[in-house]
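S.K.: predicted coordinates and the sequence they were generated for:
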Amino acid sequence: MPRVMSFRHLRTRLAVLYTGLFAAALLLVALAVVTAVTASARQVVLSEMTASGAVYAQVWESGSAQLRQGAAVLAHDDGFRRAFTTGDEPRIRSALDNLRARQNVDGALIIGIDGRATATGLTLDEASRDALFSGLGSRGIDAGVLTINGQPYQAVATPVMAPMLIGWVVFARRLDAGQLQQLEGLSAIPLTARILSHGTDGWHDAAAAPSGAVPIADIMVRDDGRAGTIRTAEGEAMTLVRPLPSFDPAAPAALLLTYPMKLAMRPYSALLYWLSAIGSAGLAVLLIGTWTLALGLTRPISALDKAVHRLQQGEHAEVPVTSSDEIGRLAANFNVMAGDIRDREARLTHMALHDQETGLPNRLALERRAAAKDGDWVILFSVDRFEVVRNAIGYDSMARLLGVLGQRLSALSEGAAMARVGAGALGLIIEAADDEAAEALAEALCEAADTPILLNGAPVDIALTAGLSCTGRNDPNIASAVDRAAVAVDQARAVRRPTAIFDSRAYGDPGGNLSLISELMEALRNGEFSLNYQPKYDFRAEAVTAVEALARWTHPRRGVVSPDLFVTMAEETGHIRPLTEWVIRQAIRDHAALRTAGHDLTLSINISGRLLADNSFADFALAEIAASDARLCFEITETAVMDNPEVALAIIDRFAAAGVAVSIDDYGSGLSSLAYLKQIRADELKIDKSFILTLDQSARDGLLVKSTIDLAHGLGLRVTAEGVETPTALALLRGMGCDMAQGYLIGRPMPLAALIQRLDGPVVAEVAVRTA
């Protein structure tokens with residue numbers, strides 16, 4: 001549908017509504033006029049037909065009386081009666097012909113009481129003779145319609161008395177088209193007259209041939225001469241049916257007068273035409289006027305609609321105020337609202353792009369400027385010891401300090417716009433020729449910022465660490481240049497430098513690692529995890545008496561995943577418990593396999609410090625060990641106790657009370673505390689490999705290892721040295737009184753089948769050869 005006629009528009013609906021209402025009213029008026037005109041025409045036709053019917057009745061009676069009078073003359077003639085009595089047929093025929101000619105009738109006949117008939121001018125068939133005789137004799141009919149050889153006749157009979165009834169003289173006048181036309185000529189309107197005869201198939205035109213008979217089944221012959229209607233090939237027609245006497249009771253007759261309604265309506269055709277023309281013209285004028293009015297009403301509304309759409313798209317929009325009516329006031333109010341929205345959006349945009357505490361542009365503003373041009377450098381300055389300084393001077397003072405610091409850095413960088421991108425981080429964008437120039441400028445800005453800032457009358461010393469990222473150097477794992485600069489700050493602090501440029505290789509793929517850890521639970525169910533075991537050599541037994549269980553993950557797409565990666569991420573994401581539970585169950589099954597193979601070893605399992613605060617995990621571990629009678633040792637780090645010492649120490653006591661050995665792992669690598677060492681009910685202390693790897697090269701490391709072994713023995717602990725990779729280190733540890741050794745010299749981590757094969761071999765001799 002064309003746009004102008006779309007019903008989505010108010011103007012179209014208004015025009016259609018008003019035009020439709022007018023058209024409906026006009027239609028009702030037209031129906032009323034047509035109904036009234038039609039009723040008037042029917043009444044006129046009815047009056048004329050009723051009058052014509054009455055006239056024809058009089059004509060019929062007059063004709064019947066004339067025929068009856070002529071027949072009576074012959075019936076009372078003595079000579080004719082003698083001739084009929086004596087059977088003088090020539091004389092009878094002569095008399096009938098003579099009188100038929102004088103009366104101008106189509107046929108004359110005499111029928112005796114015995115049924116014999118003598119006729120002139122027509123030939124009676126058997127059916128018409130029987131009908132005539134029956135009507136004259138038993139029914140007493142002396143005038144009526146008689147059908148002779150399929151043609152209707154008006155017949156009148158007069159009895160012949162001598163002195164008794166000896167017969168009847170009958171005159172018949174044919175009811176043909178001429179007779180009916182004479183009747184039609186007596187009417188003021190052009191009626192059509194027909195004589196109807198009722199047969200087995202209903203009423204039909206008695207004067208028409210059988211093939212041309214017009215069935216008129218719906219006609220009801222009324223004695224009162226009331227009019228009706230019939231449907232003909234030419235349309236509806238008014239009818240008047242008057243019954244006529246008939247000699248044949250099986251074939252009654254009637255006069256049918258018809259008048260087509262189209263002829264009756266013809267005098268009114270001009271009136272109806274002009275009414276239709278005037279109505280159509282009025283409808284067209286109304287449509288044009290309504291459309292014009294609707295346009296005038298909806299034009300300001302359409303302008304408001306377009307302005308609203310522009311307002312939705314963020315554009316400023318105003319509409320002209322063209323009137324003082326409701327629509328004009330609506331337009332004026334809209335303009336006020338649009339202005340308020342514009343001002344509010346300006347404030348919201350400013351708030352969205354600026355930090356509320358310092359008034360500086362925020363992270364979003366910096367990211368937009370960074371995305372506008374490639375090749376620029378984003379420098380992010382992070383305040384060292386931010387939380388310490390903020391807690392010392394307060395939040396409000398810290399916000400003012402950042403504002404002053406931002407103004408200082410902006411001035412030192414030739415007016416570059418400064419932005420606050422985090423709680424203690426400021427950022428700006430500069431241009432630099434290359435990496436060295438950008439980093440040199442960042443270092444200069446950091447040094448310049450070391451000057452104390454006077455705040456509340458007191459100087460505040462601050463130090464900055466800067467991270468740099470070049471716009472346009474996209475990284476698949478971190479798209480934002482501001483985010484890369486923030487990572488560069490962490491990378492600078494990791495190497496204790498004041499500045500650093502984002503290093504994509506050092507950053508790695510944390511997103512991939514995160515998706516990897518989400519697959520860990522499925523990997524546990526799919527059998528992608530397995531346990532490898534690293535032997536622990538007992539110096540006194542000169543045999544492998546224990547092994548450490550180490551989890552291995554073979555990913556179907558990534559291959560072997562580093563344990564440092566998935567264990568660390570499992571601890572951070574809370575998946576460490578299901579992983580440790582799987583390790584315990586699998587270690588118990590492998591321990592049973594080792595016993596079956598004839599090797600009753602102690603299996604050490606690393607327990608995360610996060611699980612030492614989980615009593616439900618302790619319940620699970622002790623229940624599994626008690627049900628299997630496996631010899632397990634739980635290795636924990638000393639620092640794992642520091643987060644929640646009371647709960648951790650209580651859980652360790654539960655392990656010790658249940659007979660589960662506890663080993664302090666990686667001793668010396670962290671913040672070792674003699675106080676915690678005294679409180680932990682441990683059975684073993686494992687010296688970190690960082691001391692053992694350089695044992696044969698550093699006398700200081702040897703002294704520390706020896707003192708640690710003596711301290712552990714003094715506390716009743718066995719000592720295991722990790723990272724034994726050379727025979728010299730193994731010999732030194734034997735001489736220092738170390739209890740057990742673990743490292744690549746003793747054996748690398750291996751699957752269970754390889755471990756059993758190894759244990760079945762000459763382990764003692766192999767270690768002895770390595771020591772030599």
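M.R.: Arrived safely, thanks for sending.
S.K.: residue 172: neighbour count?
M.R.: 28 (other Cβ atoms under 10 Å). C-betas here are computed from N, CA, C, even on glycine.
S.K.: quick one: classify it as helix, strand or coil.
M.R.: strand (DSSP: H, G, I helix; E, B strand; the rest coil).
S.K.: which residues does it contact?
M.R.: Counting by Cβ atoms under 8 Å, 6 or more residues apart in numbering, residue 172 touches 105-109, 121-122, 146, 148, 153-156.
S.K.: got CSV for those residues, with secondary structure and neighbour count too?
M.R.: Listed next are those as CSV, based on DSSP: H, G, I helix; E, B strand; the rest coil; neighbours: other Cβ atoms under 10 Å:
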residue, secondary structure, neighbour count
105, coil, 25
106, coil, 18
107, strand, 21
108, strand, 27
109, strand, 27
121, coil, 16
122, coil, 19
146, strand, 29
148, strand, 23
153, strand, 25
154, strand, 24
155, strand, 31
156, strand, 25
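S.K.: would you map the strands across the stretch 551-700 of the chain?
M.R.: Assigned by DSSP state E, counting those that start in this stretch, the stretch 551-700 of the chain shows strands spanning 559-561, 602-606, 632-637, 661-667, 684-687.
S.K.: helix or strand, whichever it is, which one in the chain has the lowest mean pLDDT?
M.R.: helix 763-771 (a mean of 45; mean pLDDT, DSSP states H and E).
S.K.: one step back: could I get the contacts of residue 172 as TSV with pLDDT and distance to residue 581?
M.R.: Listed next are these as TSV, based on pLDDT from 0 to 100; distance: Cβ to Cβ, whole Å:
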residue	pLDDT	distance to residue 581
105	85	133
106	84	130
107	88	131
108	88	136
109	88	134
121	84	134
122	83	130
146	85	124
148	85	124
153	86	125
154	85	126
155	88	127
156	89	131
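S.K.: can you give me the offset of the longest helix seen in the chain from its chain's centre?
M.R.: Criterion DSSP state H: the longest helix present in the chain is helix 10-75. Relative to its chain's centre, helix 10-75 lies at 62 Å (Cα atoms, centre = their mean, to the nearest Å).
S.K.: what does stretch 368-376 give?
M.R.: Using Cα atoms, centre = their mean, the offset of stretch 368-376 from its chain centre is 40 Å.
S.K.: export that stretch to CSV, keeping only CA atoms.
M.R.: Extracted in CSV, the C-alpha atoms of stretch 368-376 (Å, rounded to 0.1, in the frame of the first residue of the first chain):
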residue,chain,number,x,y,z
ARG,A,368,38.3,6.6,23.7
ARG,A,369,41.3,8.8,23.1
ALA,A,370,43.5,5.8,22.8
ALA,A,371,41.2,4.2,20.2
ALA,A,372,41.2,7.3,18.1
LYS,A,373,44.8,7.0,16.8
ASP,A,374,47.4,4.2,16.4
GLY,A,375,51.0,4.7,17.3
ASP,A,376,50.5,6.8,20.4
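S.K.: ok, back up a step: which strands and helices sit next to whatever helix or strand comes next after the longest helix of the chain?
M.R.: Later in the chain than helix 10-75, the nearest helix or strand by DSSP states H and E is helix 78-86. The helices and strands touching helix 78-86, judged by 3 or more Cβ pairs under 8 Å, 6 or more residues apart in numbering; DSSP states H and E, are helix 89-103, strand 151-161, strand 165-174.
S.K.: so which of those comes closest to residue 554?
M.R.: strand 151-161 (118.2 Å; Cβ to Cβ).
S.K.: send me the closest one as CSV with only the CA atoms.
M.R.: This file holds the C-alpha atoms of strand 151-161, laid out as CSV (Å, rounded to 0.1, in the frame of the first residue of the first chain):
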residue,chain,number,x,y,z
GLN,A,151,-56.3,-23.4,-26.7
PRO,A,152,-58.4,-21.4,-24.2
TYR,A,153,-61.8,-20.2,-25.2
GLN,A,154,-64.4,-18.1,-23.4
ALA,A,155,-67.5,-20.3,-23.6
VAL,A,156,-71.1,-19.4,-22.7
ALA,A,157,-74.0,-21.9,-22.8
THR,A,158,-77.8,-21.5,-22.9
PRO,A,159,-80.1,-24.4,-22.3
VAL,A,160,-82.5,-25.7,-25.0
MET,A,161,-86.0,-26.5,-23.6
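S.K.: could you name the helices and strands sitting against that strand?
M.R.: helix 10-75, helix 78-86, helix 126-137, strand 143-148, strand 165-174.
S.K.: okay if I get the ones you listed as CSV plus distance to residue 431?
M.R.: As requested, the helices and strands packed on strand 151-161 are arranged in CSV below (distance: least, Cβ to Cβ, whole Å):
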stretch, distance to residue 431
helix 10-75, 57
helix 78-86, 151
helix 126-137, 129
strand 143-148, 125
strand 165-174, 128
